[in-house]
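Visitor: Take a look and give me a structure for this.
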Amino acid sequence: MKDSIQEQLIAARRNQIIDAATKVFAQKGFHPTTIRDIAREAGIADGTIYNYFENKTALILGILDRLNESDRRETDFGGFTEGDFRSYMKAYFRHRLTALKADNFEIFRVVISEVLVNQELRELYYRKIIEPTFTMAETYFQQWTEQYIVKPTNTRLAMRAISGMVLGLIVEYLMGDPILEAAWDELPDLLTAMIMGQEPHA
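Guide: Coordinates of the predicted model:
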């Protein structure tokens, strides 16, 4: 019980720091932001941050992990056991795209630009977040293929194509595409239809 309480306290403090870092990075950008800025926003001493995050790169990796929702990936992918797979896929896309639109677009703009130029961060992001996510997704999609829920395909390539499509849509939105801004909420249905084919009519 003691360990559980301690783990909860550590998780709460990490989240407090990530919340503050997210806000300050979104306002000032990655490079102008200092650890002191983040500590001030979090209402803690500068040194406290180093008990939880080695540096700003570790902090931005924590933000990327949150954006990826890594802690709920097993639940997301394992959420479908039986029933209407098309509805499951629409709900999955709706959750991911709505969460991004809600409050994460500005911080995504900051972190993705840093990922593209920071080799250390890029390698950590791929190894610790992207690769495990793909591995998990591939396992589930392979199971669904074997159960004839989805059409047989190159699963590993399909996962990257779907991920790339969503990432591309986010980048286009950030560039100010008016069509995407107006119709963002229509994307879950459209993406599902593109991947699974049009829904058969009765």
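Visitor: Please report how far the residue nearest the centre of the chain lies from Ser4.
Guide: In the chain, the centroid-proximal residue (CA atoms, centre = their mean) is Asn68; its distance is 2.0 Å. Separation of Asn68 from Ser4 (CB to CB, to the nearest Å) stands at 25 Å. The way it works is simple: take the backbone N, C-alpha and C, and place the C-beta from them, glycine included.
Visitor: Who's the closest spatial neighbour of the residue nearest to the centre of the chain, skipping the chain neighbours?
Guide: Sequence neighbours aside, Ile129 is the residue nearest to Asn68 in space, at 5.2 Å (criterion: CB to CB, 6 or more residues apart in numbering).
Visitor: quick one: contacts for that neighbour?
Guide: Leu61, Leu64, Asp65, Asn68, Ser70 (CB atoms under 8 Å, 6 or more residues apart in numbering).
Visitor: is it true that the residue nearest to the centre of the chain touches Pro132?
Guide: No: with contact defined as CB atoms under 8 Å, Asn68 does not count as touching Pro132 (9.5 Å).
Visitor: any weak-confidence spans in the protein?
Guide: Applying pLDDT under 70 to the chain flags the ranges 1-3, 79-82, 102-103, 198-202.
Visitor: Would you map out the domains in it?
Guide: For the chain, automatic domain parsing gives the domain ranges 1-53, 60-196.
Visitor: Which elements pack onto the top helix by length along the chain?
Guide: Identified as the longest helix of the chain according to DSSP state H is helix 2-28. Judged by 3 or more CB pairs under 8 Å, 6 or more residues apart in numbering; DSSP states H and E, the packing partners of helix 2-28 are helix 35-42, helix 46-50, helix 56-68, helix 105-117.
Visitor: Next, count neighbours for the nearest residue to Thr139 once chain neighbours are set aside.
Guide: Distances taken as CB to CB, 6+ apart put Phe77 closest to Thr139, at 7.9 Å, once the chain neighbours are dropped. Phe77 has 18 neighbours, counted by other CB atoms under 10 Å.
Visitor: Run through the residues that contact Phe77.
Guide: Phe77 is in contact with Met136, Ala137, Thr139, Tyr140, counting by CB under 8 Å, 6+ apart.
Visitor: Dump the residues you listed into JSON lines; add secondary structure as well.
Guide: As requested, the contacts of Phe77 are arranged in JSON lines below (DSSP: H, G, I helix; E, B strand; the rest coil):
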{"residue": "Met136", "secondary structure": "helix"}
{"residue": "Ala137", "secondary structure": "helix"}
{"residue": "Thr139", "secondary structure": "helix"}
{"residue": "Tyr140", "secondary structure": "helix"}
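Visitor: Between these, which sits nearest Leu190?
Guide: Using CB to CB, Ala137 is the member of the contacts of Phe77 that lies nearest Leu190, at 20.1 Å.
Visitor: Look at the closest one and say how many residues are nearby.
Guide: If you count neighbours by other CB under 10 Å, Ala137 ends up with 20.
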